[in-house]
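*Asks:* Whatever this is, show me its structure:
(one chain, ligands or ions: 2)
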Amino acid sequence: MASTILEMQNITKLFPGVKALDNVSVKVEEGEIHDLVGENGAGKSTLMNILSGIYPYGTYEGKIIFQGKECRFKSIRDSERKGIVIIHQEFALIPLLSIAENMYLGNERAKSKVIDWNRTHNDANENIKKVGLSEDSSMLIKDISVGKQCKHKCKKRRGSWFFRYHGSREDRVCHECIWQILWQRYNRYYHKRWQRNSA
Ligand SMILES: Nc1ncnc2c1ncn2[C@@H]1O[C@H](COP(=O)(O)OP(=O)(O)OP(=O)(O)O)[C@@H](O)[C@H]1O
Ligand SMILES: [Mg+2]
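*Replies:* Residues are numbered from 1 along each chain as shown. Ligands and ions are numbered 1, 2, ... in the order given. Modelled structure (predicted):
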């Protein structure tokens, strides 16, 4: 039986003069894919910003329970360590850096505080193949298309789970890339479950 992986309970978030979220609760079971839908200003970004620690514990009311434990994230780093990763509407890739440099920005492959470029490029090339692309990891981000940038952005994030939200400005190719990756993960999850159950 699937277990609950994430619960956000009774989340309320106030900004000066605005109640962005009013007692919102969300429950996600392992292996599920959800869509968070709402009109402009409904509070989608705010909810995801709370989940990822952009709005840290103490700035909202309610509880986040991830993998059975209450989480009190102080920053994005805290949530990423747990494997919660947000792919934002706006790209945050640096055009003049390579695919590999972008992929491991903030999560550098390093030995004794020195970047291990061989490992960086080997790991990046492996990831690039996994999402069905063929570029070399040393290629600059500015030289690849928006749809492909999107795939690289997904790979930049190493978490086991990612929660995506999008607005009307969303690029269609990008949207498809994300669903392709989610779909791969979904299939992998159910394949593993099936293997476990039939063992
Ligand atoms: N930093 C902020 N300061 C003040 N008010 C804010 C802030 N961020 C969001 N809000 C308000 O909180 C409410 C929810 O906004 P939010 O950005 O979460 O909505 P959304 O569902 O993501 O909208 P969109 O579809 O436009 O991205 C809105 O009324 C918005 O004006
Ligand atoms: Mg938003």
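
*Asks:* What strand or helix carries the residue in the chain that ligand 2 sits nearest to?
*Replies:* Closest residue of the chain to ligand 2, Cβ to the ion: residue 45 (3.2 Å). Every residue, glycine included, has its C-beta placed from N, CA and C. Under the criterion of DSSP states H and E, residue 45 resides in helix 44-51.

*Asks:* Who are the packing partners of that helix?
*Replies:* In terms of contacts (3 or more Cβ pairs under 8 Å, 6 or more residues apart in numbering; DSSP states H and E), helix 44-51 is packed against strand 4-15, strand 18-29, strand 84-87.

*Asks:* Could you tell me which residues of the chain lie near ligand 1?
*Replies:* Taking Cβ under 6 Å from any ligand atom as the criterion, the chain approaches ligand 1 at residues 15, 18, 20, 38, 40, 41, 42, 43, 44, 45, 46, 167.

*Asks:* could you flag which of these are buried?
*Replies:* Among those, the ones that count as buried by 16 or more other Cβ atoms under 10 Å are 20, 43, 44, 45, 46.

*Asks:* from memory the third one sits against residue 35, does it?
*Replies:* Spelled out, that is residue 44. No. Contact criterion Cβ atoms under 8 Å: residue 44 and residue 35 do not qualify, at 10.2 Å.

*Asks:* ok, how many other residues are close to residue 24?
*Replies:* Neighbour count of residue 24, defined by other Cβ atoms under 10 Å: 18.

*Asks:* State the distance from the residue lying closest to it once chain neighbours are set aside to residue 33.
*Replies:* Using Cβ to Cβ, 6 or more residues apart in numbering and skipping the chain neighbours, the partner closest in space to residue 24 is residue 11 (4.6 Å). Relative to residue 33, residue 11 is positioned 21 Å away (Cβ to Cβ, to the nearest Å).

*Asks:* And the two? Which one has more around it.
*Replies:* Counting neighbours by other Cβ under 10 Å for residue 11 and for residue 33 shows that residue 11 has the greater number, 22 against 13.
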